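Colleague: whatever this is, show me its structure:
(one chain, ligands or ions: 3)
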Amino acid sequence: MRSLFSIVLLMVLGSALAYKSYSGYQVLKSAPLTAASMPYINRLSKHFDFWGTPGVGRPATVMVSPEQAPLVVAAFNRMRISHEVLIPDLGPEVERERLEREALEVAHSMKPREAVYDRYMSCQEIHHYMRDLSAAYPEIATGIIFANGTEGHKVKGIKISNGNVGQKALWFDCAIHAREWITPPVCLRIIDEVIADPALRDLADWYILPVANPDGYNYSITTDRFWRKTRSPNPDPDCPGTDPNRNFDFLWDAGNPTDYCSEVYPGTNAFSEPEVSGIGNFILDIADSLVLYVAIHSYGEQILYPYGHTVEPVPNVDQLIAAGTASADAIAAVAGTTYTVENSASGLYFTYGASDDFAYGRGAVQYAYTYELSGGGSAGFDPPASLIQPVVDEVWPGIKALVDYVLAN
Ligand SMILES: *[C@@H]1O[C@H](CO)[C@@H](O)[C@H](O)[C@H]1NC(C)=O
Ligand SMILES: *[C@@H]1O[C@H](CO)[C@@H](O)[C@H](O)[C@H]1NC(C)=O
Ligand SMILES: [Zn+2]
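Modeller: Ligands and ions are numbered 1, 2, ... in the order given. Coordinates of the predicted model:
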């Protein structure tokens, strides 16, 4: 009886928890922000879910639940920030995206050693793909487990190298923010290119981590589309998770230490998240050879360089801008998409404990960037699956141009 009861209970819970509904959620878009409004936006961003990086001259995009909508509207009105409704009801968008993903998963199942770019892959598929590669090309491709997430998914990347002694190293990570689904395909494309081209491997050793937050990524696919953080428990059971990109051990800032529900909750201490300490310590281990660190995020069409907490220029700012501009030019040459090259804090939106600042400030990696790829606009957070390929096709030349610049300078 007891076990039957448990099974029924699990089934009820299972279906209720199966997929978070965003019915009635809205996405609001402000007019381009002014410098005067930024202190206010910085505070609001601790409590509401801003998509992309708000900043001076750019509109802010914020997702609100039905309960939050009047609060944010009132806050915008108080600040005289005009705004419009970008997405009146996210529910159908999320449902449409989920059904499309599931249908494509059936129609386009993976073949061995072939990544797919016409749908968003699961973490499991991405891990299988890397396992296949290291089995097929053991002399150049080596799987690396950086950490285990608190829910048990492995933080798994790949080192691709010709085995030349004393080479410089390059690092790329994707999807440290779980919901940024457009980012793993870019990491996979980098892997494909480097596996296929021995000349790229003679330039440097390549470290690529397609899903830096696998617990969260899996959860965003199976349960909650807009999950961003890790899945580690907090004292408030309703609000688990830490923002991994505020948890690195450089300029870490506790903020409000009990604000567990915040999408940018930085954790109880720097490196509290196993994913983050695993990645961060590995970066320090290879820092002597590492000349380029790139974190790939979405969205905003930006190439951001350190630091996130100050607009004060760093010593090699001219080189950072020159390399970033070479990359942006190469992206624009493909289909005209314009990426801006900016100091992370130049929009007066301030961040602490971010991975690129850590690589630059703690690891002394001379070139460190955060790429913010294209978003989905009125389609939601990420571009529809049909646009994965065009995004990947334009970003890869930008990555190649960046690498060429960095290795030549
Ligand atoms: C999510 O994780 C569970 C448990 O590890 C696994 O069975 C499932 O296939 C994963 N889903 C995806 C989309 O990777
Ligand atoms: C991850 O967990 C496995 C056991 O599943 C263990 O062998 C491994 O050492 C762990 N890796 C790290 C980096 O903690
Ligand atoms: Zn992000």
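
Colleague: gap between the residue in the stretch 51-200 of the chain positioned nearest to ligand 3 and Arg189?
Modeller: When scored by C-beta to the ion, the stretch 51-200 of the chain has His177 as its residue closest to ligand 3, at 3.4 Å. (Each C-beta comes from the backbone N, C-alpha and C, glycine too.) Distance of His177 to Arg189, computed by C-beta to C-beta, to the nearest Å: 19 Å.

Colleague: same deal with Ser374?
Modeller: In terms of C-beta to C-beta, Ser374 sits 14 Å off from Arg189.

Colleague: repeat for Val403
Modeller: Applying C-beta to C-beta to Val403 and Arg189 gives a distance of 13 Å.

Colleague: and Thr325, by the same measure?
Modeller: Thr325 is 22 Å from Arg189, by C-beta to C-beta.

Colleague: looking at those two, which is more packed in?
Modeller: Using other C-beta atoms under 10 Å, the more surrounded residue of Thr325 and Arg189 is Arg189, with 22 against 17.

Colleague: so which strand or helix has the nearest residue to the more buried one once chain neighbours are set aside?
Modeller: Once flanking residues are discounted, Arg189 sits nearest to Val392: 4.6 Å by C-beta to C-beta, 6 or more residues apart in numbering. Take DSSP states H and E as the rule and Val392 turns out to sit in helix 388-408.

Colleague: the residue of the stretch 51-200 of the chain closest to ligand 3 contacts Trp227, correct?
Modeller: No. Here His177 does not reach Trp227: they are 9.1 Å apart, not a contact under C-beta atoms under 8 Å.

Colleague: common neighbours of these two, please.
Modeller: Gly216 (C-beta atoms under 8 Å, 6 or more residues apart in numbering).

Colleague: any idea which element the closest residue to ligand 2 within the stretch 251-400 of the chain lies in?
Modeller: Of all residues in the stretch 251-400 of the chain, Gly278 sits closest to ligand 2, at 5.6 Å by C-beta to the nearest ligand atom. In the assignment (DSSP H and E), Gly278 maps to helix 274-285.

Colleague: ok, the next helix or strand after that helix: who's next to it in the sheet?
Modeller: Later in the chain than helix 274-285, the nearest helix or strand by DSSP H and E is strand 290-298. Looking at strand 290-298 with DSSP bridges, its partner strands are strand 169-174 (parallel), strand 367-373 (parallel).

Colleague: as JSON lines, these with distance to Ile158 and mean pLDDT would be great.
Modeller: As requested, the strands paired with strand 290-298 are exported to JSON lines (distance: least, C-beta to C-beta, whole Å; pLDDT from 0 to 100):
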{"stretch": "strand 169-174", "distance to Ile158": "10", "mean pLDDT": "98"}
{"stretch": "strand 367-373", "distance to Ile158": "19", "mean pLDDT": "98"}
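
Colleague: tell me which of the ones you listed lies nearest to Leu200.
Modeller: In terms of C-beta to C-beta, the element of those nearest to Leu200 is strand 169-174, at 9.6 Å.

Colleague: CA atoms only: put the closest one into CSV for me.
Modeller: The C-alpha coordinates for strand 169-174 follow below in CSV (Å, rounded to 0.1, in the frame of the first residue of the first chain):
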residue,chain,number,x,y,z
ALA,A,169,47.0,27.4,-24.9
LEU,A,170,43.5,28.8,-25.7
TRP,A,171,40.3,28.3,-23.6
PHE,A,172,36.6,28.5,-24.6
ASP,A,173,33.7,27.8,-22.4
CYS,A,174,30.0,27.8,-23.2
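
Colleague: next one: that strand to chain centre, how far?
Modeller: Distance of strand 169-174 from its chain centroid, counting by C-alpha atoms, centre = their mean, to the nearest Å, is 13 Å.

Colleague: tell me which residues are up against it.
Modeller: Strand 169-174 is touched from outside by 157, 180, 183-184, 186-187, 190, 204-212, 279, 283, 286, 289-296, 355, 359, 365, 399, 403, 406, with contacts defined as C-beta under 8 Å, 6+ apart.

Colleague: and stretch 282-294, by the same measure?
Modeller: 144, 146, 166-173, 204-205, 207, 355-356, 358-360, 362-371, 399, 402-403, 406-407.

Colleague: and with 6 Å instead?
Modeller: Stretch 282-294 is contacted by residues 146, 168-172, 359, 363, 365, 367-369, 406 when judged by C-beta atoms under 6 Å, 6 or more residues apart in numbering.

Colleague: enumerate the positions of that stretch that are buried.
Modeller: By 16 or more other C-beta atoms under 10 Å, the buried positions in stretch 282-294 come out as 282-284, 287, 290-294.

Colleague: close to ligand 3: what parts of the stretch 101-250 of the chain are there?
Modeller: When proximity is defined as C-beta under 5 Å from the ion, the stretch 101-250 of the chain approaches ligand 3 at His177.

Colleague: contacting residues around the closest residue to ligand 2 within the stretch 101-250 of the chain?
Modeller: Going by C-beta to the nearest ligand atom, ligand 2 is nearest to Asn148 of the stretch 101-250 of the chain, at 3.7 Å. Applying C-beta under 6 Å, 6+ apart, we find Asn148 in contact with Lys154.

Colleague: so how far is Ser30 from it?
Modeller: Asn148 is 40 Å from Ser30, by C-beta to C-beta.

Colleague: let me have the strands paired with strand 290-298 in JSON lines, extended by mean neighbour count.
Modeller: As requested, the strands paired with strand 290-298 are arranged in JSON lines below (neighbours: other C-beta atoms under 10 Å):
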{"stretch": "strand 169-174", "mean neighbour count": "26"}
{"stretch": "strand 367-373", "mean neighbour count": "26"}
